[in-house]
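1. No sequence on hand, only this structure:
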(Lines give C-alpha, C1' and ligand atoms only; values in the text may rest on other atoms or scores of the structure.)
Protein backbone atom coordinates (compact mmCIF):
# COMPACT_ATOMS: atom_id res chain seq x y z
CA UNK A 1 0.00 0.00 0.00
CA UNK A 2 1.26 3.45 -0.90
CA UNK A 3 0.02 6.52 0.94
CA UNK A 4 0.80 10.16 0.35
CA UNK A 5 2.62 11.97 3.17
CA UNK A 6 1.69 15.57 3.86
CA UNK A 7 4.95 16.24 5.69
CA UNK A 8 6.87 17.67 2.77
CA UNK A 9 7.85 21.22 1.89
CA UNK A 10 8.86 22.65 -1.48
CA UNK A 11 12.49 22.84 -0.35
CA UNK A 12 12.45 19.02 -0.11
CA UNK A 13 12.23 18.94 -3.91
CA UNK A 14 15.44 20.91 -4.55
CA UNK A 15 18.05 18.15 -4.23
CA UNK A 16 16.06 15.42 -6.02
CA UNK A 17 15.25 17.74 -8.91
CA UNK A 18 18.88 18.92 -9.10
CA UNK A 19 20.06 15.29 -9.27
CA UNK A 20 17.55 14.46 -12.00
CA UNK A 21 18.43 17.54 -14.05
CA UNK A 22 22.17 16.90 -13.66
CA UNK A 23 21.94 13.34 -14.96
CA UNK A 24 18.88 13.26 -17.21
CA UNK A 25 20.14 15.65 -19.84
CA UNK A 26 21.55 14.96 -23.32
CA UNK A 27 25.14 15.88 -22.45
CA UNK A 28 25.43 13.61 -19.41
CA UNK A 29 23.46 10.84 -21.10
CA UNK A 30 25.84 10.97 -24.07
CA UNK A 31 28.89 10.72 -21.82
CA UNK A 32 27.50 7.63 -20.10
CA UNK A 33 28.04 5.55 -23.25
CA UNK A 34 31.82 5.92 -22.92
CA UNK A 35 32.44 6.91 -19.29
CA UNK A 36 31.54 4.30 -16.66
CA UNK A 37 32.15 6.70 -13.74
CA UNK A 38 29.40 9.00 -14.97
CA UNK A 39 27.18 6.00 -15.68
CA UNK A 40 27.60 4.74 -12.11
CA UNK A 41 27.09 8.21 -10.62
CA UNK A 42 23.90 8.36 -12.68
CA UNK A 43 22.68 5.23 -10.87
CA UNK A 44 23.29 6.87 -7.50
CA UNK A 45 21.64 10.12 -8.59
CA UNK A 46 18.50 8.60 -10.09
CA UNK A 47 17.95 6.07 -7.30
CA UNK A 48 18.87 8.67 -4.68
CA UNK A 49 16.41 11.20 -6.12
CA UNK A 50 13.72 8.55 -5.89
CA UNK A 51 14.64 7.68 -2.30
CA UNK A 52 14.62 11.34 -1.24
CA UNK A 53 11.25 12.00 -2.85
CA UNK A 54 9.78 8.78 -1.50
CA UNK A 55 11.08 9.59 1.98
CA UNK A 56 9.26 12.92 2.00
CA UNK A 57 6.20 12.23 -0.18
CA UNK A 58 5.14 8.62 0.37
CA UNK A 59 4.51 6.02 3.03
CA UNK A 60 4.98 2.44 1.88
CA UNK A 61 5.44 -0.92 3.57
CA UNK A 62 8.24 -3.44 4.05
CA UNK A 63 7.30 -5.48 0.99
CA UNK A 64 7.38 -2.42 -1.24
CA UNK A 65 10.73 -1.51 0.31
CA UNK A 66 12.09 -4.89 -0.78
CA UNK A 67 10.53 -4.48 -4.23
CA UNK A 68 12.13 -1.04 -4.49
CA UNK A 69 15.56 -2.48 -3.74
CA UNK A 70 15.39 -4.95 -6.64
CA UNK A 71 16.24 -2.50 -9.46
CA UNK A 72 19.35 -1.34 -7.58
CA UNK A 73 20.70 -4.89 -7.65
CA UNK A 74 19.29 -5.97 -11.00
CA UNK A 75 20.93 -3.22 -13.07
CA UNK A 76 24.36 -4.15 -11.69
CA UNK A 77 24.22 -7.73 -12.98
CA UNK A 78 26.88 -7.60 -15.75
CA UNK A 79 24.59 -8.26 -18.75
CA UNK A 80 21.95 -5.74 -17.69
CA UNK A 81 24.63 -3.24 -16.68
CA UNK A 82 26.11 -3.54 -20.18
CA UNK A 83 22.73 -3.23 -21.90
CA UNK A 84 21.85 -0.10 -19.92
CA UNK A 85 25.26 1.41 -20.63
CA UNK A 86 25.03 0.71 -24.36
CA UNK A 87 21.47 1.16 -25.59
CA UNK A 88 19.06 4.06 -25.06
CA UNK A 89 16.03 1.75 -24.85
CA UNK A 90 17.52 -0.20 -21.95
CA UNK A 91 18.82 2.97 -20.31
CA UNK A 92 15.32 4.43 -20.35
CA UNK A 93 13.89 1.33 -18.66
CA UNK A 94 16.84 1.27 -16.26
CA UNK A 95 16.47 4.86 -15.13
CA UNK A 96 12.71 4.61 -14.82
CA UNK A 97 12.91 1.46 -12.68
CA UNK A 98 15.76 2.87 -10.58
CA UNK A 99 13.77 6.04 -9.89
CA UNK A 100 10.54 4.18 -9.10
CA UNK A 101 12.44 1.65 -6.98
CA UNK A 102 14.02 4.47 -5.00
CA UNK A 103 10.65 6.15 -4.64
CA UNK A 104 8.91 3.15 -3.08
CA UNK A 105 11.95 2.13 -1.02
CA UNK A 106 12.33 5.66 0.33
CA UNK A 107 8.68 5.70 1.39
CA UNK A 108 9.34 3.02 3.98
CA UNK A 109 12.45 4.52 5.60
CA UNK A 110 10.57 6.91 7.96
CA UNK A 111 8.68 3.94 9.42
CA UNK A 112 11.77 1.79 9.98
CA UNK A 113 13.15 1.22 13.44
CA UNK A 114 16.74 2.28 14.01
CA UNK A 115 17.89 -1.34 13.76
CA UNK A 116 16.18 -1.66 10.37
CA UNK A 117 17.81 1.51 9.10
CA UNK A 118 21.24 0.38 10.28
CA UNK A 119 20.66 -3.08 8.79
CA UNK A 120 19.57 -1.67 5.43
CA UNK A 121 22.59 0.64 5.39
CA UNK A 122 24.89 -2.28 6.21
CA UNK A 123 23.45 -4.44 3.41
CA UNK A 124 23.81 -1.55 0.96
CA UNK A 125 27.40 -0.89 2.07
CA UNK A 126 28.32 -4.58 1.78
CA UNK A 127 26.77 -5.01 -1.67
CA UNK A 128 28.26 -1.76 -2.97
CA UNK A 129 31.68 -2.62 -1.53
CA UNK A 130 31.66 -5.97 -3.33
CA UNK A 131 30.71 -4.30 -6.61
CA UNK A 132 33.38 -1.62 -6.04
CA UNK A 133 36.00 -4.32 -5.58
CA UNK A 134 34.89 -5.97 -8.84
CA UNK A 135 35.47 -2.66 -10.59
CA UNK A 136 38.81 -1.99 -8.92
CA UNK A 137 39.96 -5.48 -9.95
CA UNK A 138 38.90 -4.68 -13.54
CA UNK A 139 36.40 -7.54 -13.89
CA UNK A 140 36.03 -8.05 -17.63
CA UNK A 141 32.30 -8.82 -17.20
CA UNK A 142 31.74 -5.06 -17.07
CA UNK A 143 33.75 -4.27 -20.22
CA UNK A 144 33.86 -4.70 -23.98
CA UNK A 145 35.99 -7.83 -23.47
CA UNK A 146 32.85 -9.69 -22.39
CA UNK A 147 30.19 -7.68 -24.25
CA UNK A 148 31.38 -6.37 -27.61
CA UNK A 149 28.61 -3.74 -27.72
CA UNK A 150 29.87 -2.11 -24.49
CA UNK A 151 32.40 0.73 -24.88
CA UNK A 152 34.04 0.40 -21.46
CA UNK A 153 37.65 -0.78 -21.19
CA UNK A 154 39.01 -2.65 -18.15
CA UNK A 155 41.39 0.23 -17.41
CA UNK A 156 38.41 2.55 -16.81
CA UNK A 157 36.89 0.41 -14.07
CA UNK A 158 39.18 1.18 -11.10
CA UNK A 159 38.03 4.81 -11.23
CA UNK A 160 34.43 3.57 -10.99
CA UNK A 161 35.23 1.54 -7.87
CA UNK A 162 37.02 4.47 -6.24
CA UNK A 163 34.14 6.84 -7.01
CA UNK A 164 31.73 4.30 -5.51
CA UNK A 165 33.73 4.19 -2.28
CA UNK A 166 33.68 8.00 -2.20
CA UNK A 167 29.89 8.09 -2.60
CA UNK A 168 29.48 5.35 0.03
CA UNK A 169 31.53 7.37 2.50
CA UNK A 170 29.40 10.47 1.93
CA UNK A 171 26.24 8.41 2.49
CA UNK A 172 27.73 6.78 5.58
CA UNK A 173 28.78 10.09 7.14
CA UNK A 174 25.33 11.56 6.42
CA UNK A 175 23.63 8.52 7.97
CA UNK A 176 25.81 8.63 11.09
CA UNK A 177 25.16 12.36 11.58
CA UNK A 178 21.42 11.81 11.08
CA UNK A 179 21.37 8.91 13.57
CA UNK A 180 23.35 10.86 16.16
CA UNK A 181 21.09 13.90 15.82
CA UNK A 182 17.97 11.76 16.21
CA UNK A 183 19.51 10.16 19.29
CA UNK A 184 20.13 13.68 20.69
CA UNK A 185 23.85 12.97 20.97
CA UNK A 186 24.81 15.67 18.48
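-> Cool, the structure landed. Predicted model, so just to flag it, every value in this text is computed and none were measured.
2. use CA for all of it now, contacts and neighbours both
-> OK.
3. what about this structure, any weak spots by pLDDT?
-> The chain contains residues with pLDDT under 70 at 184-186.
4. all strands of it, in order?
-> 3-4, 58-59 (DSSP state E).
5. how about these in TSV, adding distance to residue 101?
-> Below are these laid out as TSV (distance: least, CA to CA, whole Å):
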stretch	distance to residue 101
strand 3-4	16
strand 58-59	12
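6. For the ones you listed, could you give me a markdown table that also reports mean neighbour count and distance to residue 48?
-> Shown next, in a markdown table, are those (neighbours: other CA atoms under 10 Å; distance: least, CA to CA, whole Å):
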| stretch | mean neighbour count | distance to residue 48 |
| --- | --- | --- |
| strand 3-4 | 12 | 19 |
| strand 58-59 | 24 | 15 |
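7. Any buried residues in the lengthiest helix in the chain, and which?
-> Scanning the chain for the longest helix, with DSSP state H as the assignment, gives helix 157-182. Applying a neighbour-count criterion of 16 or more other CA atoms under 10 Å, one finds 157, 158, 159, 160, 161, 162, 163, 164, 165, 168, 179 buried in helix 157-182.
8. what sits against residue 109?
-> 55, 117 (CA atoms under 8 Å, 6 or more residues apart in numbering).
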